[in-house]
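Colleague: Structural data only, the sequence is not supplied:
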């Protein structure tokens, strides 16, 4: 039910978010039903398609140690999820808005869904397609954070919501860049 609401949540601060706010799923439930399964998509895609399509995307990438990269990438994703939940709370509180950790982690659980799903682009061994998918996923993630700040964290002021979104997205892009650099470096 929650995953099917994501497209509505990207374009609205109400549609789809009401279920999340009213049902208030536990973090354990969100982790086991959403975060863990979807965060496994990128490392699994890297593991299986890195050796096959690596050279079609970037010359020399088929020979990378994908069986090492995939679990390291997954661990980095989990660390990023924890850091984003913490960061969302800290940034929101820096604007003198009280927010609990659970709501911050609810938002941190929803926001990266487009990025996780964009890994399916690796089925298409074309760098342009994958870059476009990644950029669209990044834009959708930004929108989810903005609408989630308003809906889940109950930030009413549009400028404050935008400031929180910009700070969190800046850190998120830095974290995402580090994940991509990790792949390039290994």
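Modeller: That came through, no problem. The structure presented is a predicted model; accordingly, all values stated were derived computationally and were not measured.
Colleague: going forward, measure contacts and count neighbours with C-alpha atoms only.
Modeller: Noted.
Colleague: Please give the element, helix or strand, for residue 77.
Modeller: Element membership of residue 77 [criterion: DSSP states H and E] is helix 66-94.
Colleague: how about that helix: buried residues?
Modeller: Along helix 66-94, the positions that meet the burial threshold by neighbour count (16 or more other C-alpha atoms under 10 Å) are 66, 69-74, 76-78, 80-81, 83-92.
Colleague: so what does it touch, helix or strand wise?
Modeller: Helix 66-94 makes packing contacts with helix 36-39, helix 41-57, helix 101-110, helix 158-185 when contacts are defined by 3 or more C-alpha pairs under 8 Å, 6 or more residues apart in numbering; DSSP states H and E.
Colleague: Figure out how far it is from the centre of its chain.
Modeller: The gap between the average C-alpha position of helix 66-94 and the chain average comes to 9 Å, counting by C-alpha atoms, centre = their mean, to the nearest Å.
Colleague: Quick check: mean pLDDT of that helix?
Modeller: Mean per-residue pLDDT for helix 66-94: 94.
Colleague: Centre of the chain to the helix or strand that contains residue 117, how far?
Modeller: Per DSSP H and E, residue 117 falls inside helix 113-118. Distance of helix 113-118 from its chain centroid, counting by C-alpha atoms, centre = their mean, is 6 Å.
Colleague: which residues make contact with the first helix or strand past it going along the chain from outside it?
Modeller: Reading on from helix 113-118 to the C-terminus, the next helix or strand found by DSSP H and E is helix 127-151. With contact meaning C-alpha atoms under 8 Å, 6 or more residues apart in numbering, helix 127-151 is reached by 9-14, 17-18, 21, 56-58, 107, 110-115, 118, 121-122, 124, 155-156, 161-162, 164-165, 169.
Colleague: Check stretch 76-87 too.
Modeller: Counting by C-alpha under 8 Å, 6+ apart, stretch 76-87 makes contact with 39, 101, 104-109, 168, 172, 175, 179, all of which sit outside it.
Colleague: try 7 Å this time
Modeller: 104-105, 108, 168, 175 (C-alpha atoms under 7 Å, 6 or more residues apart in numbering).
Colleague: which one among those residues gets closest to residue 43?
Modeller: Comparing these against residue 43 with C-alpha to C-alpha picks out residue 175 as the nearest, at 16.0 Å.
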